[in-house]
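Participant: sequence first, then the predicted structure, then my questions.
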Amino acid sequence: MSDLDKWIAALRACRTIPEASVRELCYKARELLIEEGNVVQVDAPVTICGDIHGQFHDLMELFRVGGDVPDTNYLFMGDFVDRGFYSLESFLLLLCLKVRYPDRITLIRGNHESRQITTVYGFYDECLRKYGSANVWRYCCDVFDYLALGALVLGTSSTLEPSPLEPGSQSNMPPIDDSIEIEIMNSRNEITARFPRSRRRLYDHELTSSSPPNSPSQTQRTSTPSRTPGGGPPGTSATTSAPASPSGGAVLCVHGGLSPLIDSVDKIRLLDRKQEVPHEGAMCDLLWSDPDDIDGWGLSPRGAGFLFGADIVKRFNHMNDLSLIARAHQLVMEGFKEMFDSSIVTVWSAPNYCYRCGNVAAILELGEDLTGGGVVGRSNGDLGRARGKEEVVLREGEVRSGPGRRYRVFEAAPQDSRGMPAKKPVADYFL
Amino acid sequence: MSNLQRSFAKAKLAGLPLDPPLPHSTFEEQEVTLEDPDDDLKPLPDQKFTDDDSSSASSASSASSTGTIRPSPTNRLFARPKGPPSGRRPLDPLLWSDFFDQELYLDNPRAHEIVTHHVYLTLPLEKGPLFVTHHGAGSSGLSFAMLTSELRKALPNSGVLSLDARGHGETTVKNTGQFTMEGPLNLSLEILSQDLLDVIRLTQKKLSWSELPDMVFLGHSLGGAVTTDLASSGKMGDVLLGYAIFDVVEGSAIDALQSMQSYLSTRPRGFPSLSAGIEWHTRSRTLRNTTSARVSVPSLLCQENLPGSTSGDGRPWTWRTDLAATQPYWEGWFVGLSKKFLEAKGGKLLLLAGTDRLDKELMIGQMQGKYQLQVFPEAGHFIHEDQAEKTAMVVADFYRRNDRSALILPPKVGDLLRQKS
C-alpha cells in the first residue's frame, strides 16, 4: 500500500495524517495543479458539486449517493473549508483523491480558499487545534493559490441515461426517453420528479407568464423542496427543442459567477491566478459574484463581486457557445436552483449547512454524449470568427439546448459529534 | 523582510491607534524594528509600547494572516506608533472636544415628557456623508469618539452625529405628564427608535439644513437594534445609504441575556476616581484601547452628590445608567432583529468581534449573499473602540461602495460590443 493510499484510508476514516505527510501531499498536489489551466477542460460524464465547508460526514454521504471515486468523475466547485468542523479532513481527502486519480476529480477554487477568509471562518483555527501550529494551514493555503478558477465540461449529452437502480428498488416512473431534460432523485436512488424538455416558447410569453421570478431570496420553501415546478428551482425554463442536437453543449463551472471584466472564457484563461484571492477585479468576481433578478450588473451586498442579471448570462452563454453555467457559492434550501431559463444553475452540496440551516444538498450529474458527435467547434467569445465578422445579436428566446441534468438531492449524514470543539461560550457582555 | 513578516508588521501596526490625541504629554517616538526574518510568526519582541493590549500571541498571528492580502494605501506599514512609553500609562480622562467639533442640546417636548437630547457632532463637509451612531446600553455617545476621528482620516469630508440615548450620557428626560411618579426609565425599542429619528430631525432644524445629507447608520449592540429598527421603518427614505451594526446578533444576544445580571453584579459599584474607572475598563479588558477608554469611560460615570451618605466607601464615581433596572426591555431590543436587518432597504454591514456568532437566519442570509460580514478576531465587544482604525476603514469602504452619487460600475459587455460595431 502506497503512502497515498494509506493517507486516503486514514482520511476516509476522518483521521488526520501527520504534518510531514500533509507537506508532501500539498507539494505533490501543487505540482499537479500548476499544470492545469485557469479553466480546466473536463469531459462528461461528470458529477458537479457545490460548497462542502468542512462537513466531512456529509461529503461521505455525497460519495455514497453519487458514487465513489474513481468510479464516478467529480468536479468540486470550491469552498471545501471553513465553518464545518472537519475542513482539514475534507480538503485533504479531496486533495489525496486528486493526486491519486488526477483525471477523475477536478477541484476549482472558491472564495473560502483564501488566507484571509480561512483565518476568520474556522480553517485556520482548526489547523492550529489539530496540529498545534499553523504549518498545515500554510501548506494548504499554498495549494489554494494553484487551484483552477473554472472548468469547462464538454461532450455532455442532451438526454439522460437511466440511472443504475439499486437491486430491489423500483422505479415508479416510466422508462426514460429522449424528451426528459431534468430528473431529480433522492438519496435512496428514487426518482422524485422529471421534467420534459419544454417546447420553445416566445420570449414575450415568458415575461408575462404566471410563474414568479426565481430570485435567490425566494427560497423559503420548506416542504418537498424538489417538487416545485411553479416557482421552485427546476423545470420552469424554456430551452429550445429545435433541431434536436445530441450534444448538450458546453457547461462552464465557476464558484461564484461572471465578472464585468470577463466577456469570454478565454479572458479567464489569461488571468494570473497564482495568488491570494484579490479584493476586486476579474478573479475576485469569478469567486464572489451572484446571479440576481436585475438588468445588467449590480452592486453585490456581500461587499465583493457583483450581481448579474439574466441578460448578462444569456449573452455570455451565447457568445461562448455555452448551454449552461454551473456555480455554487449561494446557499439554496432545496440544494439546487436553476435560473434565467435554465441558463445558470446554483448547486449547493452542504446539507444542513453549519449544522443548523436545515437545507438539503444536491449534486448535478451530466451524462456523456455517446452518439459520437465528436468535437464541436466553440467560439470562445468570438462568435462567428470562422464566418467572418457578422453582427452578433442575441435573438430573443434563443437559448442553446441544455444538457440532460440529473440532480441527486440528499440530506445531512447523522452527525458524529466527536471531535467537535466545545460550544463557544456566549459573550459575557451583550447590551 | 519576508512577505509574511511584512504583513505581520502591517497587521500589528494597523491595530495601533494612530496619532491618539495626547494633550497631556509628548513622547519620544519609537522606531519599530523587526528583526529575525526567519521566524515569521513570532510576536514582536516588545509589545509594551503598544497602546492596544488586545492581542494575545495567537490572535496576533491570526491577525497577521488576515492582513496578508489587503494591500491598501491606507495601511501605514512603517508608521511610527506613538503612544505612552512602557511603564507608565496615563489614564487621565480625555475631553470630547478632542474628537468632535461641537455638542448640541436639543429640546424635544413630547406628550408627557420633555427630552433634552445631547449629541456630539462633527459636520460633514461639502457633499460628505453623515454617519449617525447609536451606542449600546450603558454606554454613551463618546463610545464613538475614536471611531469619529478615524473616520475623518479615512473620509475627510464625512461627519458624525453621535447621540446620548435617554438615560445615558447627558441626555435628560423630564416627566411633564399627570403621573409624575418616577417610574423606571422607558427604554423600549420603540421609544429609542423614535428618539433617534427626532434627533436627526432636530439636528437638521437646529443647523438649518434644507435637506439631510446622505447618511449611514452605525449602531453598536443595543444601538444596532435601534438603528436597524429605524432603517427598516423606511422613515429615512433615500438619504439612508446603508447601515452597519457592530457585534450584535439576535440569537446570541438573547442567549447572552440569561447571564447578563450575573455579569452586571460582578462589576464594581463605583470607583474612587475617573482614572480608576478607566483603569478598571482596560484591566478587565472590557475596553482594549486605552485612548478610547480615556474618552468614553468618564461619560459612563457620575459623582454621587450626597457626600457622606452612600459614598462612604470612598467610591463616589458610580454608574450613570442602572443597567440592571433596564432588564424588562432587554428581550424587546433584540427579538426580530435578524429579520429586520435582512429586510430593510440599503447596504448592510455586520461587524463582529471574536468569532462569528451568527444565528440561523443570519447564517442563511450571509450564505445567500444578502449582506456584508466582517469579523475582527482580535476585538472585544466594543469593537469600534478596540479597533477604531480598522473599523473606520471597513465603514469607509462600505460607504464608498454604497455611495450612489459615485457608483461607477464597470462598462457592460453589451455596451462595449455596441461601441465596437
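Facilitator: Yep, it's here. Residues are numbered from 1 along each chain as shown, chains lettered A, B, ... in the order given.
Participant: separation between whatever residue of the stretch 151-300 of chain B ends up closest to chain A and residue B:230?
Facilitator: The stretch 151-300 of chain B approaches chain A most closely through residue B:256 (3.8 Å), counting by CB to the nearest CB. In this view, the C-beta of every residue, glycine as well, is placed from N, C-alpha and C. According to CB to CB, to the nearest Å, residue B:256 and residue B:230 sit 23 Å apart.
Participant: of those two, who's got more company?
Facilitator: Between residue B:256 and residue B:230, counted using other CB atoms under 10 Å in any protein chain shown, residue B:230 has the larger neighbour count: 27 against 22.
Participant: which SS state does the more buried one fall under?
Facilitator: For residue B:230, the secondary-structure state derived from DSSP: H, G, I helix; E, B strand; the rest coil is helix.
Participant: how about the contacts made by it?
Facilitator: B:193, B:196-197, B:217, B:236 (CB atoms under 8 Å, 6 or more residues apart in numbering or on different chains).
Participant: drop anything exposed from these.
Facilitator: Using 16 or more other CB atoms under 10 Å in any protein chain shown as the burial test, the contacts of residue B:230 include B:193, B:196-197, B:217, B:236 as buried.
Participant: out of these, which sit inside helices?
Facilitator: Residues of these located in helices (DSSP state H): B:193, B:196-197.
Participant: how much space is there between the closest residue in space to residue A:257 that isn't next to it in sequence and residue A:270?
Facilitator: Residue nearest to residue A:257 in three dimensions, not counting chain neighbours: residue A:289, with 3.7 Å by CB to CB, 6 or more residues apart in numbering or on different chains. Per CB to CB, residue A:289 is found 18 Å from residue A:270.
Participant: more neighbours, these two?
Facilitator: Neighbours were counted for residue A:289 and for residue A:270 using other CB under 10 Å; residue A:289 has more, 29 against 10.
Participant: ok, the more buried one touching residue A:258?
Facilitator: Yes: with contact defined as CB atoms under 8 Å, residue A:289 counts as touching residue A:258 (6.0 Å).
Participant: over to residue A:113: give its phi and psi.
Facilitator: The phi/psi pair for residue A:113 (degrees, to the nearest 10) reads phi -80, psi 70.
Participant: quick one: contacts for the nearest residue to it once chain neighbours are set aside?
Facilitator: Spatial nearest neighbour of residue A:113, chain neighbours left out: residue A:144 (4.0 Å); criterion: CB to CB, 6+ apart. Applying CB under 8 Å, 6+ apart to residue A:144 gives the contacts A:109, A:113-115.
Participant: any chance of these in TSV, plus pLDDT, distance to residue A:79 and secondary structure?
Facilitator: Below are those laid out as TSV (pLDDT from 0 to 100; distance: CB to CB, whole Å; DSSP: H, G, I helix; E, B strand; the rest coil):
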residue	pLDDT	distance to residue A:79	secondary structure
A:109	98	9	coil
A:113	98	7	coil
A:114	97	10	coil
A:115	96	15	helix
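Participant: looking at the chain, which helix or strand is least sure?
Facilitator: Here I'm looking at chain A. Here the helix or strand of chain A ranked lowest by mean pLDDT, DSSP states H and E is helix A:203-208, holding a mean of 33.
Participant: not what I meant, chain B
Facilitator: Per mean pLDDT, DSSP H and E, bottom of the list for chain B is helix B:57-67, a mean of 36.
Participant: give the pairing partners of the helix or strand following that helix; include direction for each.
Facilitator: Using DSSP states H and E, the helix or strand that follows helix B:57-67 in sequence is strand B:102-109. Strands that pair with strand B:102-109, judged by DSSP bridges, come out as strand B:113-122 (antiparallel).
Participant: and the partner strand, what's buried?
Facilitator: For strand B:113-122, a neighbour-count test (16+ other CB under 10 Å) marks B:115-122 as buried.
Participant: rebuild these as JSON lines, extending it with pLDDT.
Facilitator: Converted to JSON lines, these look like this (pLDDT from 0 to 100):
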{"residue": "B:115", "pLDDT": "94"}
{"residue": "B:116", "pLDDT": "96"}
{"residue": "B:117", "pLDDT": "97"}
{"residue": "B:118", "pLDDT": "97"}
{"residue": "B:119", "pLDDT": "97"}
{"residue": "B:120", "pLDDT": "98"}
{"residue": "B:121", "pLDDT": "97"}
{"residue": "B:122", "pLDDT": "97"}
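Participant: which of the residues you listed sits closest to residue A:323?
Facilitator: Residue A:323 lies nearest to residue B:122 out of those, by CB to CB, at 55.9 Å.
Participant: now the ones in helices among the buried ones among the contacts of residue B:230 in JSON lines, with pLDDT and distance to chain A?
Facilitator: Formatted as JSON lines, these follow (pLDDT from 0 to 100; distance: CB to the nearest CB, whole Å):
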{"residue": "B:193", "pLDDT": "97", "distance to chain A": "17"}
{"residue": "B:196", "pLDDT": "98", "distance to chain A": "17"}
{"residue": "B:197", "pLDDT": "97", "distance to chain A": "22"}
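Participant: before we move on, the earlier item: overlap in contacts, residue A:289 and residue A:258.
Facilitator: Counting by CB under 8 Å, 6+ apart, the residues touching both residue A:289 and residue A:258 are A:306, A:308.
Participant: sketch out the low-pLDDT regions of chain B for me.
Facilitator: Scanning chain B for pLDDT under 70 picks out B:1-89, B:178-184, B:305-313, B:405-421.
Participant: quick one: buried residues of stretch A:354-363?
Facilitator: A:354-355, A:357, A:359-363.
Participant: now that stretch: average pLDDT?
Facilitator: Mean pLDDT, computed over stretch A:354-363, is 94.
Participant: that stretch spans what distance, first to last residue?
Facilitator: Taking CA to CA, to the nearest Å, stretch A:354-363 runs 18 Å from one end to the other.
Participant: so what's the gap between it and the chain middle?
Facilitator: Relative to its parent chain, stretch A:354-363 has a centroid offset of 15 Å by CA atoms, centre = their mean, to the nearest Å.
Participant: likewise for stretch A:72-79?
Facilitator: So, by CA atoms, centre = their mean, the centroid of stretch A:72-79 is 7 Å from its chain's centroid.
Participant: show residues contacting that stretch.
Facilitator: The contact list for stretch A:72-79 (CB under 8 Å, 6+ apart) reads A:42, A:45-53, A:66, A:94, A:104-113, A:147, A:151, A:153, A:253-255, A:287, A:326-329, A:347.
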